[in-house]
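**Q** kindly generate the corresponding structure for this input.
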Amino acid sequence: MIFTYVVIGLVVLTLFLGLVTVQQGTISVVTMFGKYRRILYPGLNFKIPYLESIYKRISIQNRSVELEFQAVTLDQANVYFKAMLLFSVYDQNEETIKNVAFKFVSENNLMTALVRTIEGTIRGFVASKRQAEILSLRKEITEYVKGEVDQHLEGWGYHLMDLQINDISFDQAIIDSMSKVVASTNLKAAAENEGQALLITKTKSAEAEGNAIKIAAEAEREAARLRGQGVALFREEVAKGMTNAAKELQDANLDTNVILFSMWTEAIKYFAETGKGNTIFLDGSADGMQKSMQQIMSVLGKDKK
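**A** Coordinates of the predicted model:
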């Protein structure tokens, strides 16, 4: 009985020793006598006690590493990069997991190879560009690195998911010179904009002045036309009035020269009222009036002819 209990206990112990729990997000590599045997996926698994052993637990989750390194451009300018590298195991296939488990001796060797490969690829790209181009090539650098490095990483069992270049800087002397270039460019743009604004202002002012002159000329022409019409109408009304007055005087058997005498006196009155201090010399004697009447009559006589 004791022997039976011992055997049963050993069997139970062996079964418990063979149970293996693999955490979610990891895959375990099993070896037997030092040789690759199989892989265990997340969950409860069983391995042969005393014969199979867990060689390595491989994380299939995303992993990141920060990089800081220096590169030299085509025109011998030092460029300093700060980047974040995001990578993961390519897939969960058995061959991929074997590559991840056995390609490198340790995790440190993997990270060294990965970082140096990324740095070398970026340095090779930067060496073909001038420093003035680098700041605008973040996306191109990322795409170039992924295209060049993915094939190497796939052979190691990894996949480059993303490369984020967080900072690109230069030596202080280059930064100062770039700042001066930007400042001078901004000053040039400001001067050009100011010149354009001044040109537009002058053009609009000239157009407004021309339009004002044109409007004033049109208004003056219209006013002159209206004044001419007014004078013509005034003369027409005067002529009608004189004609009617002369007809009434003839009907009353009176001399029509009375009209001329009345016009003469009204003219003298108008001169006196509107002269505003101006000196007007008139011959107010009877002889002067007679001469003026004769001159008016002679003018009227010529108009009748």
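**Q** the helix or strand residue 83 falls within: which residues count as buried?
**A** Using DSSP states H and E, the element containing residue 83 is strand 78-89. Within strand 78-89, the residues scored as buried using 16 or more other C-beta atoms under 10 Å are 79, 81, 83, 85, 87-89. Yep, even glycine has a C-beta here, placed from its N, CA and C like the rest.
**Q** closest one of the residues you listed to residue 143?
**A** residue 83 (14.0 Å; C-beta to C-beta).
**Q** once you drop chain neighbours, what's closest to residue 53?
**A** Once flanking residues are discounted, residue 53 sits nearest to residue 31: 5.9 Å by C-beta to C-beta, 6 or more residues apart in numbering.
**Q** the helix or strand that contains the one you found pairs with which strands, parallel or anti?
**A** Element membership for residue 31, per DSSP H and E: strand 26-32. Sheet pairing of strand 26-32 (DSSP bridges) gives strand 35-40 (antiparallel), strand 52-59 (antiparallel).
**Q** before we move on, the earlier item: what bridges to the residue nearest to residue 53?
**A** Residues in beta-bridge contact with residue 31 (DSSP bridges): residue 36, residue 53.
**Q** does it touch residue 55 like I think?
**A** Yes. Using C-beta atoms under 8 Å, residue 31 makes contact with residue 55 at a distance of 4.3 Å.
**Q** which residues touch residue 88?
**A** Contacts for residue 88 were tallied using C-beta atoms under 8 Å, 6 or more residues apart in numbering; they are 60-63, 158-159, 161.
**Q** what's the answer for residue 90, then?
**A** Each residue near residue 90 by C-beta under 8 Å, 6+ apart is listed here: 96, 153-154, 157-159.
**Q** out of those, which is nearest to residue 120?
**A** residue 153 (13.5 Å).
**Q** where's that closest one, which helix or strand?
**A** Here residue 153, judged by DSSP H and E, is contained in helix 138-156.
**Q** what about the strands in the protein?
**A** Listed in chain order, the strands of the chain (DSSP state E) span residues 19-22, 26-32, 35-40, 43-46, 52-59, 63-72, 78-89, 158-170.
**Q** in JSON lines, list those strands along with mean pLDDT and distance to residue 129.
**A** Formatted as JSON lines, the strands of the chain follow (pLDDT from 0 to 100; distance: least, C-beta to C-beta, whole Å):
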{"stretch": "strand 19-22", "mean pLDDT": "87", "distance to residue 129": "47"}
{"stretch": "strand 26-32", "mean pLDDT": "91", "distance to residue 129": "41"}
{"stretch": "strand 35-40", "mean pLDDT": "90", "distance to residue 129": "44"}
{"stretch": "strand 43-46", "mean pLDDT": "88", "distance to residue 129": "50"}
{"stretch": "strand 52-59", "mean pLDDT": "88", "distance to residue 129": "36"}
{"stretch": "strand 63-72", "mean pLDDT": "87", "distance to residue 129": "10"}
{"stretch": "strand 78-89", "mean pLDDT": "88", "distance to residue 129": "9"}
{"stretch": "strand 158-170", "mean pLDDT": "85", "distance to residue 129": "12"}
